[in-house]
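# Need a 3D model of the sequence below.
(chains A and B)
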Amino acid sequence: MVLDVKDLQYNEINEQLRAGSDDIQITGCCGQRFIAAGFSDKKIDISGIPGNALGAYLNGATINVNGNAQDAVGDTMNAGKIIIHGSIGDAAGYAMRGGEIYVQGDAGYRAGIHMKEYKEKRPVIVIGGKCGSFLGEYQAGGIIIVLGLSDDEREIVSNFPCTGMHGGVLYLRSDAKNIDFPSNVSAAEASAEDLDAVKGYINEFCGLFGYNTDEILNATFTKVVPDSKNPYKQMYVAN
Amino acid sequence: MSVEYIFPEFEVIRKPERCIACRVCERQCSNEVHVFDPATGVMISDEAKCVDCQRCVSLCPTHALKIVKNESTFRENANWQNDTIKEVYKQANSGGVLLSSMGNPKPFPVYWDKILINASQVTNPPIDPLREPMETSVFLGKKPEKIKFDENGKIKCELTPQIELSMPVMFSAMSYGSISYNAHASLARAATELGILYNTGEGGLHEDFYCYGPNTIVQVASGRFGVHENYLNAGAAVEIKMGQGAKPGIGGHLPGTKIVGDVSRTRMIPEGSDAISPAPHHDIYSIEDLRQLVFSLKEATEYKKPVIVKVAAVHNIAAIASGIARSGADIIAIDGFRGGTGAAPTRIRDNVGIPIELALAAVDQRLREEGIRGNVSLVVGGSIRCASDVVKAIALGADACYIATAAVLALGCHLCRTCQTGKCNWGIATQRPDLVKRLNPEIGTERLVNLLTAWKHEIKELMGGMGINSIEALRGNRLMLRGIGLNSKELEILGISHAGE
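Residues are numbered from 1 along each chain as shown, chains lettered A, B, ... in the order given. All right, here's what the predicted structure looks like:
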């Protein structure tokens, strides 16, 4: 089923998506927000540029975007998959608890902020390009992988990554020697076992966007983990 | 004693002629104040551990115990008071930020106590609520600006979703984690029985309580704990927590020691991991951004649930509320600076924010002036203590009130203000199974129902006295209020005359 959304508001789009078939192609998307918010099934393919909060509270649906996406992709996502054949704006995967986000290009500020995990729910964000500041801020769980494949001069991540991180793991395809991490995390070169553990996600990324997994893995990766899951434990005195 | 020594705040007085050494006090005290000394056969106490929660006093079968304020004191000094000196010592000892519980205890003015309610005499006779019907139901949500007709001249009755309450009081947000399973069970059941709503707080909704959904407000805070599609759709309304009266401008932090068992499962974070709610929502930097969260929640709930935006009462609250009223929110909840908390930095709790009375009056006035009062309902909290506070709040312009401290008092809280320790002897602010079971949810429910049933009677009495038989006719009816001992600026902000005028 093809849904041309050129003249539709976001609430009309979601209504039609809910009523529509399991496999829907959206065309003519131009900035409409909240597409597929809270959807637990369906496969949605989007041509054009969806607006903010694409797949917010997503609960199992699959979204494929043939272009860029804007801010707050996968906000508070619980399950499902979002694939972006382009770059994304700020705060992608805010507080996501499950599911996977694959981005071919770059991400803006605060990607993976306050990402969590719980038991079998372990969210994953793979970013092919580079990231803005505050990557993985307050990260409490899940896996963030940044591959840095865009060929500009920028560092793989801008300032203040991992501030307040207290769970999960972050991988940068870089030696990260020019990156300042806060004192509450440990950054070290990823071992072969580390990379084995996330190879599946990198493989999936390569399959989606046409890269060679072995070539991507043939580089130095830096693994960042928090030192404590109770980062503020010592700060208080009972009064 | 060294400089680290801080003398105990309380003294445990045990009447030896009454004490039968039954050791009830020892078993009841999670702070381990009381110990039986087998050598002498008497109970002894370590008062340094006492928090004056009154548990032992209440359960002592022979009334042998009392807890009194320790008379030992530093030399009196109006500037350097005892508490101030002790706080300096605590920080010099530890280097820590002072952490307190429950609402601001400082002697700031309580405006409720400086406002008096009108009654009818001779003209416009009072109404006797025992004999005549009195309407206390309210509907919360956006109200239509005008009546619209269809082509056949019939009134269009489509309304955005509304919450119906049997009386203008709801239980304010307290998360599962900050309070116990049995406390949540009591609130949920009482709300259902009373025809009002309780609020999950930001810790998610325990699977056992989904059945109370029609009487539940589910909260979404910056940490988004336990927030998922089913949760959002489980309640009668969704509340976005932007701020809290006890700690405006800062986030929440439930220590990993309290993230155990069901609390971990409900928040959907691993056991032992700190639950950190950042101070801001990291996707909200403007009213436009707030609008985005409001509408993403409406989309996820298919426009079936009203969205509440909760903010702390702060200096520019009128302008902030005006923005929220334009954000698409259906209800604004404002929390005054006396609102309770399971834990907040002392300095923030005691010094940040403004009284709810002034905030409410300013917001209601501003929204009226801008012609957008009907866009939203106003719910106020932050120390609504009794039925007359509710009536005064409604007359100042509120649609309903949030109560939480009064509710936990009904459950047995004795306001010892040490929730942060997690050792609540009354089974409320604790996750220790042996303590939680002290709060029987059936009795808790009954006590909450009793409290609000009594308040409802009192509200009707007060309304009847004014000759008003519907709570809707009291809303914003500031002519029913007079100030006592207030200066002209305070009267101007409250929008009321002085008594005698």
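# give me phi/psi at residue 185?
Using chain A here. Main-chain torsions, residue A:185, degrees, to the nearest 10: phi -130, psi 160.
# let's do chain B instead
Residue B:185 adopts backbone torsions of phi -60, psi -40, taken as degrees, to the nearest 10.
# One more: residue A:45?
Here is the backbone geometry of residue A:45 (degrees, to the nearest 10): phi -110, psi 130.
# I figured it hits residue A:66, correct?
Yes: between residue A:45 and residue A:66 there is a contact at 7.2 Å, judged by Cβ atoms under 8 Å. C-beta here means a position set from N, CA and C on the backbone, and glycine is covered the same way.
# quick one: buried residues of stretch B:471-483?
Applying a neighbour-count criterion of 16 or more other Cβ atoms under 10 Å in any protein chain shown, one finds B:471, B:472, B:474, B:475, B:476, B:477, B:478, B:480, B:481, B:482, B:483 buried in stretch B:471-483.
# likewise stretch B:17-31?
Buried residues in stretch B:17-31, counting neighbours by 16+ other Cβ under 10 Å, are found at B:24, B:25, B:26, B:28, B:29, B:30, B:31.
# Pull the contacting residues for the closest residue to residue B:145 other than its chain neighbours.
Once flanking residues are discounted, residue B:145 sits nearest to residue B:374: 6.1 Å by Cβ to Cβ, 6 or more residues apart in numbering or on different chains. Residue B:374 is in contact with B:142, B:143, B:144, B:145, counting by Cβ atoms under 8 Å, 6 or more residues apart in numbering or on different chains.
# Closest one to residue A:19 out of those, please.
Looking at the contacts of residue B:374 and their distance to residue A:19, the nearest is residue B:142, at 25.9 Å (Cβ to Cβ).
# contacting residues around that closest one?
Neighbour list for residue B:142: B:160, B:306, B:330, B:374, B:375, B:376, B:377 [criterion: Cβ under 8 Å, 6+ apart].
# now those residues as TSV including pLDDT and secondary structure?
Compiled in TSV, the contacts of residue B:142 are given as follows (pLDDT from 0 to 100; DSSP: H, G, I helix; E, B strand; the rest coil):
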residue	pLDDT	secondary structure
B:160	94	coil
B:306	98	coil
B:330	98	coil
B:374	95	helix
B:375	95	helix
B:376	98	coil
B:377	98	strand
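# out of these, who has the most neighbours?
Note: the member of the contacts of residue B:142 with the most neighbours is residue B:376, at 28 neighbours, neighbours being other Cβ atoms under 10 Å in any protein chain shown.
# just so I have it, where are all the helices in chain A?
Listed in chain order, the helices of chain A (DSSP state H) span residues A:10-19, A:192-209, A:213-217.
# Residue B:16 is nearest to which of those?
With Cβ to Cβ as the criterion, residue B:16 lies closest to helix A:192-209 of the helices of chain A, at 66.4 Å.
# what packs against that closest one?
The elements that helix A:192-209 packs onto, with contact taken as 3 or more Cβ pairs under 8 Å, 6 or more residues apart in numbering or on different chains; DSSP states H and E, are strand A:100-103, strand A:124-127, strand A:140-146, strand A:167-172, helix A:213-217.
# Strands - which of the buried residues of stretch B:17-31 land there?
Among those, the subset assigned to strands under DSSP state E is empty.
# Adding distance to residue B:197, write these out as CSV.
Converted to CSV, these look like this (distance: Cβ to Cβ, whole Å):
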residue, distance to residue B:197
B:24, 38
B:25, 38
B:26, 40
B:28, 33
B:29, 35
B:30, 32
B:31, 34
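# For whichever residue of the stretch 1-150 of chain B sits closest to chain A, which non-adjacent residue is spatially closest?
Shortest the stretch 1-150 of chain B-to-chain A distance, computed as Cβ to the nearest Cβ: residue-wise this is residue B:96, at 3.2 Å. In space, residue B:96 comes closest to residue A:237 once its chain neighbours are excluded; the distance is 3.2 Å by Cβ to Cβ, 6+ apart.
# Point out where chain A drops to low pLDDT.
Regions of chain A meeting the criterion pLDDT under 70 cover residues A:232-234.
# Strands of that one, residue ranges please.
Counting by DSSP E, the strands of chain A are A:2-4, A:23-30, A:43-49, A:59-66, A:79-84, A:100-103, A:124-127, A:140-146, A:167-172, A:185-189, A:222-226, A:236-238.
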